[in-house]
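Novice: Structure for this input, please:
(one chain, ligands or ions: 2)
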Amino acid sequence: MPTARFQIGDTVMGRWPGSNLYYEVKVLSYDNKTRLYTVIYKDGTELELKESDITSLTVFKQGVTRSRSRSRSRSPGRPRRSRSRSPARTPRRSSSRTTDVHKEKLKEALEVRLTPVSMTHENNSNSKHEKKEENNTANTASTITEEKTETESENQAGGRYNLRRRKDQGDGKTVELEQKTETETLLRTKPPTASAIKTTDLEFGGRVGVFFLMFLLPVAVLALLILCGQKDASLQSFPLELPALESLWDCQVFGIVLLWLLFQAVLSLLPVGKLVEGMPLKNGKTLKYRINGFYALLLTAVAVGVAMYQEVDLSYIHAHFLQFYTSALLIVTLLSIYLFIRSRWASEDELAPGGNSGYIIYDFFMGRELNPRIKNLDIKFFCEMRPGLMGWVLINFVMLQAEMKHQNLENPSPAMLLVNIFQLLWVVDGFWHEEKLLTMMDIVYDGFGFMLTFGDLAFVPFTFTCQAYYLVSHPNELSAFWIITLIIMNGVGYYIFRKANSQKFAFRKNPSDPAVSHLKTIPTATGESLIVSGLWGWVRHPNYLGDIIMGLAWSLPCGFNHLIPYFYLIYLITLLVHRNARDEHQCRKKYGSAWDEYCKAVPFRIFPGIY
Ligand SMILES: NC(=O)C1=CN([C@@H]2O[C@H](COP(=O)(O)OP(=O)(O)OC[C@H]3O[C@@H](n4cnc5c(N)ncnc54)[C@H](OP(=O)(O)O)[C@@H]3O)[C@@H](O)[C@H]2O)C=CC1
Ligand SMILES: CC(C)=CCC[C@@H](C)[C@H]1CC=C2C3=C(CC[C@@]21C)[C@@]1(C)CC[C@H](O)C(C)(C)[C@@H]1CC3
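Specialist: Ligands and ions are numbered 1, 2, ... in the order given. The predicted structure is shown next:
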């Protein structure tokens, strides 16, 4: 029976995950099962830490004294780089919403944040450098302190492009930092992952929930496709035209799906487009990603054009749609099994915080490994957008042609055109901003298991196309008024979606960027601020709202006769409401009281007027 070394209520020094920085924390509880301590930082941030990441105040002070004197004697003449902190880390601008109470809290938070002392643990053989921070918070919360850093970081950014934000030098100019310090790594790291190797918070209803989801999802998509292709697409008519089992499989179709994946994989490896560094991993390292999705989309369009010129019959895809889906499903299953097996050889650093509960079913579904790679091919990054999104626009185009063929039209219907154009715009936008995917929770936090594999390779191409598929056999006339209304609706949704995402990305990259420097912010103890004005001051997830408005504009062209074309909208709202809850949970853990303050200032989650 393990006993806790530290007692509830003890004030100790806790290591900030992924770094050598220690902060004063209070022990809140100890879990005998997981052997994790829940500790609270002075700003209210709660974390779970392992015993090895906690040290008593006395031992810590002795360690620091030793470490400092060693550091001084070892490198007497080493030049020190001096720089100021980024305004996103400390509040250079003071927000007008930042109340006195908050300033007090902030000062307290800063005192916590700025007191960490980096300690080279005797037992920490991985430590590459020793660092000393001397900070002064005496003035006010808006005072930027000098940080003296010695670093022997091997993680040079070199001349490569990278996602790390620019640092304000204090003289108004911004410069791209060339050296990555450990502090920086820490601050760019997503929600702390101290207990990454053991997932304790089970999502989606835990083992039982994911077990059912794993069977329900594929069957639900199959049912949707069957209904969509039927003349009568009403839900009541579902059991009428069930296809024979053997009609769901075709080896040639399977071969085409494999070829498609291979073609996209080759395109993704082409040495065109910039090389970007992803977010720092737990071990402080970063992975490189080739950003060439937009070029790949253009090349795919050329390939489809050539195929059409060669009179390849694209309507084959429409005629064998169910078989394409079952082939994709088989690939998803095989890939998930491969991913699960290979994760056994992944090191602790390579595991995802969310998919390592120890329960096989759960971990298989959520994904154990964070960034599985085969040589240069990052399987998750590749799957997340390439085959699915490209497949989506290709299938939409196929449906457009199928509609003309089936309904004897000379031109596609306005409804079909709108669906194709709206969705193409979204996909093009996605590839244009492909690099931003690297900061999203799917890449930074989620493992790659059945859920994402299925989502990326089966769910996206076969359900996001359901409006176009539906329109092939369910024509819907649109008046000029409706056409204009839908164009405006999609435009408004897109504007909100794009502006919110770009604003947040620009702000995280460089808060003093003129495009975002006017925004009011709430500072947090991690050093990153939260935007509290503009779109992000209207609702807490304006980007989700924009996406949902677009989703509505994509479904409405199909009319009101059936629920089927609204499947995407229902999925999107469900996913984003759940995603919002997940994200807020992480943000509360990460930002503590500052997050609560943000929620007070911006009470609505996604929809204005709805808490
Ligand atoms: N159509 C589809 O199937 C799907 C579409 N999407 C779309 O993808 C886009 C990205 O969504 P998603 O990845 O969920 O994440 P978000 O872009 O919503 O990012 C959430 C993160 O933003 C940061 N943040 C939150 N509030 C603020 C604030 N006020 N100021 C500054 N930063 C803040 C936090 O990260 P931190 O502070 O750590 O930087 C938080 O974790 C959305 O537009 C969404 O609609 C997403 C999923 C599915
Ligand atoms: C039912 C089920 C298993 C769902 C899995 C969810 C996935 C389909 C989606 C989760 C997040 C996604 C994102 C995109 C596609 C859908 C999935 C994978 C996205 C890459 C599409 C392009 C956008 O521009 C985007 C980058 C904002 C977006 C990110 C999230």
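Novice: what does the stretch 351-500 of the chain put close to ligand 1?
Specialist: Contacts of the stretch 351-500 of the chain with ligand 1, taken as Cβ under 6 Å from any ligand atom, map to 440-441, 497. No exception for glycine: its C-beta is placed from N, CA and C like everyone else's.
Novice: most neighbours, which of these?
Specialist: Of all those, the highest neighbour tally under other Cβ atoms under 10 Å goes to F497, namely 22 neighbours.
Novice: any idea which of the residues of the stretch 351-500 of the chain next to ligand 1 is closest to ligand 2?
Specialist: Checking those against ligand 2 with Cβ to the nearest ligand atom, the nearest one is M440 at 5.7 Å.
Novice: and which of the residues of the stretch 351-500 of the chain next to ligand 1 is nearest ligand 1?
Specialist: Of these, the one sitting nearest to ligand 1 (Cβ to the nearest ligand atom) turns out to be M440, at 3.7 Å.
Novice: quick one on the thing from earlier: mark which of the residues of the stretch 351-500 of the chain next to ligand 1 are part of strands, please.
Specialist: Using DSSP state E to define strands, no part of those is located there.
Novice: closest to L235 among those residues?
Specialist: Nearest to L235 among these is F497, at 29.9 Å by Cβ to Cβ.
Novice: Sort out which residues of the lengthiest strand in the chain are buried, please.
Specialist: Longest strand in the chain, counting residues (DSSP E): strand 21-31. Across strand 21-31, burial judged by 16 or more other Cβ atoms under 10 Å covers 21-27, 30.
Novice: what sits against I496?
Specialist: Residues near I496 by Cβ atoms under 8 Å, 6 or more residues apart in numbering: 535, 542-543, 545-546, 549.
Novice: 7 Å instead, please
Specialist: 535, 542, 545-546, 549 (Cβ atoms under 7 Å, 6 or more residues apart in numbering).
Novice: Now it: closest residue in space that isn't a chain neighbour?
Specialist: G546 (3.2 Å; Cβ to Cβ, 6 or more residues apart in numbering).
Novice: so the one you found makes contact with G493?
Specialist: Yes - with contact defined as Cβ atoms under 7 Å, G546 reaches G493; the gap is 4.9 Å.
Novice: Y362 and F397: what is the separation?
Specialist: The spacing between Y362 and F397, counted by Cβ to Cβ, to the nearest Å, is 38 Å.
Novice: Okay, and R605 sits in which element?
Specialist: In the assignment (DSSP states H and E), R605 maps to no helix and no strand.
Novice: Tell me how many other residues crowd Q252.
Specialist: With other Cβ under 10 Å as criterion, Q252 counts 11.
Novice: Can you name the residues that contact it?
Specialist: Going by Cβ under 7 Å, 6+ apart, the list of residues near Q252 is empty.
Novice: pLDDT value on it, please?
Specialist: The model reports Q252 with a pLDDT of 97.
Novice: Check the secondary structure at it for me.
Specialist: Secondary structure assignment for Q252 (DSSP: H, G, I helix; E, B strand; the rest coil): helix.
Novice: For F340, see how far away it is.
Specialist: Q252 sits at a distance of 29 Å from F340 (criterion: Cβ to Cβ).
Novice: now V210: how far from A220?
Specialist: Counting by Cβ to Cβ - V210 and A220 are separated by 15 Å.
Novice: Could you do F604 as well?
Specialist: Following Cβ to Cβ, the distance that separates F604 from A220 is 30 Å.
Novice: now do K282
Specialist: Distance check for K282 against A220: by Cβ to Cβ, it reads 35 Å.
Novice: Give me the more crowded residue out of those two.
Specialist: K282 (20 against 15).
Novice: Mean confidence (pLDDT) on stretch 53-64, please.
Specialist: Averaged across stretch 53-64, pLDDT comes to 69.
Novice: and the residue nearest to I496, how many neighbours?
Specialist: Neighbour count of G546, defined by other Cβ under 10 Å: 21.
Novice: what does the stretch 401-550 of the chain put close to ligand 2?
Specialist: Counting by Cβ under 6 Å from any ligand atom, the stretch 401-550 of the chain comes close to ligand 2 at 430, 437, 440, 442, 451, 454-456, 459-460.
Novice: Over to the stretch 251-400 of the chain?
Specialist: Residues of the stretch 251-400 of the chain found near ligand 2 (Cβ under 6 Å from any ligand atom) are 384-385.
Novice: what about the strands in the stretch 251-400 of the chain?
Specialist: For the stretch 251-400 of the chain, the strands defined by DSSP state E, counting those that start in this stretch cover 274-277, 288-291, 373-374, 377-378.
Novice: any chance of these in JSON lines, plus mean neighbour count and mean pLDDT?
Specialist: Below are these laid out as JSON lines (neighbours: other Cβ atoms under 10 Å; pLDDT from 0 to 100):
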{"stretch": "strand 274-277", "mean neighbour count": "16", "mean pLDDT": "94"}
{"stretch": "strand 288-291", "mean neighbour count": "20", "mean pLDDT": "96"}
{"stretch": "strand 373-374", "mean neighbour count": "12", "mean pLDDT": "96"}
{"stretch": "strand 377-378", "mean neighbour count": "18", "mean pLDDT": "96"}
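Novice: residue ranges with poor pLDDT in this protein?
Specialist: Per-residue confidence for the chain (pLDDT under 70) gives these ranges: 1-3, 17-21, 43-44, 59-197, 236-241.
Novice: can we see that at 80?
Specialist: For the chain, residues meeting the criterion pLDDT under 80 lie at 1-4, 15-23, 33-34, 41-47, 57-198, 200, 231-242.
Novice: and stretch 424-441, how far apart are its ends?
Specialist: End-to-end distance of stretch 424-441: 24 Å, with Cα to Cα, to the nearest Å as the criterion.
Novice: Considering the contacts of I496, which possesses the most neighbours?
Specialist: With neighbours taken as other Cβ under 10 Å, the top of the contacts of I496 is P542, carrying 25 neighbours.
Novice: Pull the number of nearby residues for S593.
Specialist: If you count neighbours by other Cβ under 10 Å, S593 ends up with 20.
Novice: about what we covered before: will you turn the strands of the stretch 251-400 of the chain into CSV that also has distance to G609?
Specialist: Shown next, in CSV, are the strands of the stretch 251-400 of the chain (distance: least, Cβ to Cβ, whole Å):
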stretch, distance to G609
strand 274-277, 39
strand 288-291, 38
strand 373-374, 45
strand 377-378, 41
